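Asker: Need a 3D model of the following:
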Amino acid sequence: MRTQQFLRVAGDAEGAGPNRKRYVITEAGATGFETWLSQPTEPEPHLQTVLFAKVVPAFDAGPFG
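Answerer: Next up, the predicted model:
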């Protein structure tokens with residue numbers, strides 16, 4: 001996603017454990033996410049995983065409009 005410029009590094013995350021980077025979503029990333037979220041998903045054997053990935057962030061984001 002970094003190569004598509006959907007995310008950028010915002011620094012290192014602090015805390016115990018291995019070194020981790022913090023990322024923030026770019027405007028292109030937000031647009032790409034909204035496009036992906038609004039597209040219908042073709043039926044497939046693992047559709048539940050895709051639907052879960054779309055529904056949970058939609059609830060967090062609130063109403064679209």
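Asker: Which secondary structure state is assigned to Tyr23?
Answerer: Using DSSP: H, G, I helix; E, B strand; the rest coil, the structure places Tyr23 in strand.
Asker: In the sheet, which residues pair with it? Tell me.
Answerer: Val9 (DSSP bridges).
Asker: so who does it touch?
Answerer: 2, 7-10 (C-beta atoms under 8 Å, 6 or more residues apart in numbering). Glycine gets a C-beta too; all of them are placed from N, C-alpha and C.
Asker: and the helix or strand hosting Gly32, what does it pack onto?
Answerer: Following DSSP states H and E, one finds Gly32 within helix 27-38. If you count contacts as 3 or more C-beta pairs under 8 Å, 6 or more residues apart in numbering; DSSP states H and E, helix 27-38 packs onto helix 47-61.
Asker: switch the cut-off to 10 Å
Answerer: Here helix 27-38 touches strand 7-13, strand 20-25, helix 47-61, going by 3 or more C-beta pairs under 10 Å, 6 or more residues apart in numbering; DSSP states H and E.
Asker: so how far is the last one off the chain centroid?
Answerer: In this view, helix 47-61 has its centroid 10 Å away from the chain centroid, taken as C-alpha atoms, centre = their mean, to the nearest Å.
Asker: rewinding a little: of the contacts of Tyr23, which is the most crowded?
Answerer: The most crowded member of these, judged by other C-beta atoms under 10 Å, is Leu7 (16 neighbours).
Asker: close enough to count as contact, it and Glu27?
Answerer: No: here Leu7 lies out of contact with Glu27, judged by C-beta atoms under 10 Å, at a distance of 11.4 Å.
Asker: Point me to the residue sitting farthest from the middle of this protein.
Answerer: The outermost residue of the chain relative to its centre, with distances by C-alpha atoms, centre = their mean, is Ala16 at 24.9 Å.
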